[in-house]
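> need a structure here:
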Amino acid sequence: MTISAQSIKPVSTETLTDQIFRKIQMAIVSGEIAAGSKISEPELARTYGISRGPLREAIHRLEGQKLVERTAHVGARVVSLSQQQLLELYQIRENLEGLACRLAAQSIDKQKILTLRALLQLHAQDQDFKEGKGYYLQEGQDDFHYCIIKSCGNKTLEHMLCNELYHLIRMYRVQFSNTPNRPNKAFSEHIQILDAIAEGDAELAELLMRRHIAASYRNIQQYSV
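This next block holds a predicted model:
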């Protein structure tokens, strides 16, 4: 069904470009728009019922999030990592998020621990998770990994993981979150990581996060086509 520009109601202070950006971003992250797909401005303009100006701005923002890449003589496409590129991404993620856990365990306060425990309780109540269909994977402040990183106290590390690489990593997390047995294992691993952080055991927190991300990478390797 075509969505007209008039039918998109302003949400808070979001512009039309903001709303279209969010819709296309989610379509890419979820796999609705497949990795490697060519970005056709005329087709997307028809799908969302918008003019090319706001659409081009949205696509430009997606390039900044590394979800879309543009190459000469080819145009814009949804990012598609080779096996080597994916390995390198997860090597970076394992090391940096492990460090973030170590730093969080050394400095996090009790209120943040309580907030993180409440977040995991929210994840446990998610209907899809309870039915075994997938893990709760909202973004930003509703994302366990994001919140751990934001609690580490290292602004450079935060920028790398929560800005530069966040949405690219999230695309793989979302698309492989519902593979057999992974949701419950991931949730259990999150609880163990948080327990180590709460106890101030920086070495264990780092080790558990590194193992958690390594398991996630093995899961992608096993179930990727």
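> from residue 81, how far off is residue 163?
19 Å (Cβ to Cβ, to the nearest Å). Placement of C-beta: from N, CA and C, glycine included.
> who has more neighbours out of those two?
Ranked by neighbour count (other Cβ atoms under 10 Å), residue 163 and residue 81 place residue 81 first, with 17 against 11.
> domains for the chain, by residue range?
Domains of the chain are assigned by the TED database as 16-78, 83-223.
> take the ones you listed and lay them out in a markdown table including mean pLDDT.
A markdown table is the format used below for those (pLDDT from 0 to 100):
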| stretch | mean pLDDT |
| --- | --- |
| domain 16-78 | 91 |
| domain 83-223 | 92 |
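> tell me which residue lies nearest the centroid of this structure.
The geometric centre of the chain, computed from its C-alpha atoms, lies nearest to residue 170 (Cα atoms, centre = their mean), at 2.2 Å.
> so what touches stretch 19-33?
Applying Cβ atoms under 8 Å, 6 or more residues apart in numbering, the external contacts of stretch 19-33 come out as 8, 11, 14, 44, 48, 50, 54-55, 57-59, 61-62, 65, 67-68, 78, 167, 170-171, 174-175.
> buried among those? Make that a ChimeraX selection.
This is how ChimeraX selects the buried members of these, with burial counted by 16 or more other Cβ atoms under 10 Å:
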select :8,44,48,50,54,55,57,58,59,61,62,65,67,68,78,167,170,171,174,175
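> how much space separates the residue nearest to residue 198 when sequence neighbours are not counted from residue 146?
Using Cβ to Cβ, 6 or more residues apart in numbering and skipping residues adjacent in sequence, the residue nearest residue 198 is residue 113, 4.8 Å away. Distance, residue 113 to residue 146, using Cβ to Cβ: 16 Å.
> now swap in residue 224 and tell me
24 Å.
> what of residue 129?
In terms of Cβ to Cβ, residue 129 sits 18 Å off from residue 146.
> and residue 82, by the same measure?
From residue 82 to residue 146 the distance is 26 Å (Cβ to Cβ).
> more neighbours: these two, which one.
Legend: neighbour count by other Cβ under 10 Å for residue 82 and residue 146, higher for residue 146 (19 against 8).
> am I right that the more buried one is in contact with residue 152?
No. The pair residue 146 / residue 152 is not scored as a contact, 11.1 Å apart, by Cβ atoms under 8 Å.
> how far out from the middle of the chain is the helix or strand containing residue 117?
Here residue 117 is covered by helix 110-124, with elements defined by DSSP states H and E. The chain centroid and the centroid of helix 110-124 are separated by 19 Å under Cα atoms, centre = their mean, to the nearest Å.
> same for that helix, what does it pack against?
Under the contact definition 3 or more Cβ pairs under 8 Å, 6 or more residues apart in numbering; DSSP states H and E, helix 110-124 sits against helix 144-150, helix 182-198.
> just say which of these is most tucked in.
Greatest average neighbour count among the helices and strands packed on helix 110-124 goes to helix 144-150 (a mean of 21), per mean count of other Cβ atoms under 10 Å.
> after that one, which helix or strand is next?
Sequence-wise, the next helix or strand downstream of helix 144-150 (DSSP H and E) is helix 155-159.
> run the chain-centre distance for that next one.
16 Å.
> and stretch 63-82, by the same measure?
Centroid separation between stretch 63-82 and its chain, computed with Cα atoms, centre = their mean, is 18 Å.
> so what touches that stretch?
With Cβ under 8 Å, 6+ apart as the criterion, stretch 63-82 contacts 25, 28-29, 33-39, 59, 62, 89, 164-168, 171.
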